[in-house]
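> just coords:
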């Protein structure tokens with residue numbers, strides 16, 4: 001058998017952090033609102049429920065696991081928010097305020113199909 005020149009498979013979609021769950025006067029930092037690229041309706045958002053989300057930041061050199069220069073804050077999609085494909089996510093550590101407007105990776109696992 002010969003090795004085929006295939007492209008690597010990307011197991012994530014990009015997403016944007018919109019902000020925290022909030023009301024008119026109160027803000028709840030434990031839940032973040034994420035807009036997933038290509039997810040434009042509440043029905044589309046149902047596919048992403050339970051999927052893992054990674055917020056990746058740079059740390060000091062070699063401070064991460066196995067000498068990595070990056071740190072990862074993992075989260076999970078909890079439910080949809082509104083009718084335009086925005087989802088609510090909970091992270092293992094609350095996202096910092098400077099992350100608003102930043103990027104996350106929405107992993108396509110665990111799979112429910």
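Arrived safely, thanks for sending. Please read all numbers here as calculations on a predicted model, not as lab measurements.

> in this structure, which spans are helices?
42-45 (DSSP state H).

> give me the most central residue, it.
Central residue of the chain (Cα atoms, centre = their mean): residue 53, 3.2 Å from the mean position.

> isn't that one right up against residue 33?
No. Between residue 53 and residue 33 there is no contact under Cβ atoms under 8 Å: 11.7 Å. C-betas here are computed from N, CA, C, even on glycine.

> please identify every residue contacting each of these two.
Overlap of the contact sets of residue 53 and residue 33 (by Cβ atoms under 8 Å, 6 or more residues apart in numbering) consists of residue 89.

> beta partners for the residue nearest to the centre of the chain?
residue 75, residue 106 (DSSP bridges).

> buried ones in stretch 10-27?
Residues of stretch 10-27 classed as buried: 13, 15, 17, 20-21 (neighbour count, 16 or more other Cβ atoms under 10 Å).

> how about JSON lines for those, with pLDDT and distance to residue 95 added?
As requested, the buried residues of stretch 10-27 are arranged in JSON lines below (pLDDT from 0 to 100; distance: Cβ to Cβ, whole Å):
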{"residue": "13", "pLDDT": "96", "distance to residue 95": "18"}
{"residue": "15", "pLDDT": "97", "distance to residue 95": "12"}
{"residue": "17", "pLDDT": "98", "distance to residue 95": "7"}
{"residue": "20", "pLDDT": "98", "distance to residue 95": "8"}
{"residue": "21", "pLDDT": "97", "distance to residue 95": "11"}
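
> from the residues you listed, pick the one nearest residue 57.
Distance to residue 57 across the buried residues of stretch 10-27 (Cβ to Cβ) is lowest for residue 17, with 12.1 Å.

> how close does that closest one sit to residue 74?
Distance, residue 17 to residue 74, using Cβ to Cβ, to the nearest Å: 14 Å.

> then residue 51?
11 Å.

> same question for residue 28.
With distances taken as Cβ to Cβ, residue 28 is found 19 Å from residue 74.
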